[in-house]
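> my questions concern the predicted model and sequence given below.
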Amino acid sequence: MNLKSAQTAKVGKIFKDARLQKSLSLTEVSSEAVINIEYIRAIESGDYSVFPARTYALKYFEKYANFLSIEATFFDIFNLDLIEKAAREEQLRNNPEPFLEKNKIFSSLLVAITLIAIIFLVILDDSIDEESEETPTNPVTLDSFELNYEPEQSLKSEIEELNNHINDFLNTDKLDSNISNANVDSIELDE
């Protein structure tokens, strides 16, 4: 039976670090604290399968902690409920729940608000389309230019109108210049 977990390994590392900090070997601790060297290795590795029962593991754990003058909490590897709870906590630390799964109310509220916003935009777009259909397309005149709301027809009529104005202007300008040339020529001849 395996009586080792991540928690017991962490606690065992605390023991080992404390022993090494005091520059003590396993044999020195064994002879001074009167603890079997296999029990010391078991506590430092976090594997309590060497101990014949929970009580032995607990008592040697406390004895070794007192010898090293450390305060370490015994992780009861013999209690299966405690082991399962520690495993779940370790798993949550390593793989936390996604934010949206963790906050289901917030997620639901976010989805509802998004749907309402989409529905509102669709209704608003439909009402704008209905208003534009109801508005008549009356031409607006500005200085003899007709502007229609219809883009193709408006553009064509504007181009025609501009062409007519340009042609009228050019024809008028030619006539005036012919008249003025004629007058200039006639004046030169008289002199």
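Now that the structure is in, tell me what you want to look at. Numbers count the residues shown, from 1 in each chain.

> from here on, just use CA atoms for contacts and neighbour counts.
OK.

> can you tell me how far residue 36 is from residue 160?
Between residue 36 and residue 160 the distance is 111 Å, computed by Cα to Cα, to the nearest Å.

> the two: which is more packed in?
Per other Cα atoms under 10 Å, whichever of residue 36 and residue 160 has more neighbours is residue 36, with 15 against 12.

> and the more buried one, what does it touch?
residue 30 (Cα atoms under 8 Å, 6 or more residues apart in numbering).

> residue ranges with poor pLDDT in this structure?
Along the chain, the model assigns pLDDT under 70 to residues 1-3, 76-87, 96-102, 129-151, 172-191.

> what's the domain layout of it?
Residue ranges for the domains of the chain, per automatic domain parsing: 6-94, 140-190.

> hey, where'd the helices end up in the protein?
Remark: helices of the chain, listed N- to C-terminal, are 6-21, 26-33, 37-45, 54-68, 80-94, 99-102, 104-134, 151-190; assignment by DSSP state H.

> ranking these by burial, who's on top?
Ranked by average neighbour count under the criterion mean count of other Cα atoms under 10 Å, the helices of the chain are headed by helix 37-45 at a mean of 20.

> now do it and helix 6-21, the angle between them.
Helix 37-45 and helix 6-21 are oriented at 110 degrees to each other (axes from the mean of the first three to the mean of the last three Cα atoms, to 10 degrees).

> who touches helix 37-45?
Outside of helix 37-45, the residues that reach it under the criterion Cα under 8 Å, 6+ apart are 8-9, 11-16, 26-27, 30, 48-51, 60-61, 64.

> quick one on the thing from earlier: distance to residue 74 added to the helices of the chain, as TSV?
Supplementary listing: the helices of the chain in TSV, determined by distance: least, Cα to Cα, whole Å:
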stretch	distance to residue 74
helix 6-21	8
helix 26-33	18
helix 37-45	10
helix 54-68	7
helix 80-94	12
helix 99-102	32
helix 104-134	37
helix 151-190	84
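
> can you pull the contacts of residue 25?
The neighbours of residue 25, taking Cα under 8 Å, 6+ apart as the test, are residue 19.

> quick one, phi psi at it?
Per-residue torsions, residue 25: phi -90, psi 170 (degrees, to the nearest 10).

> now do it against residue 159, distance only.
As judged by Cα to Cα, residue 25 and residue 159 stand 102 Å apart.

> do the same with residue 122
Summarising the geometry, the distance separating residue 122 from residue 159, computed by Cα to Cα, is 38 Å.

> do the same with residue 128
Distance, residue 128 to residue 159, by Cα to Cα: 31 Å.

> then residue 110?
The gap separating residue 110 from residue 159 is 53 Å, by Cα to Cα.

> could you do residue 39 as well?
Relative to residue 159, residue 39 is positioned 102 Å away (Cα to Cα).
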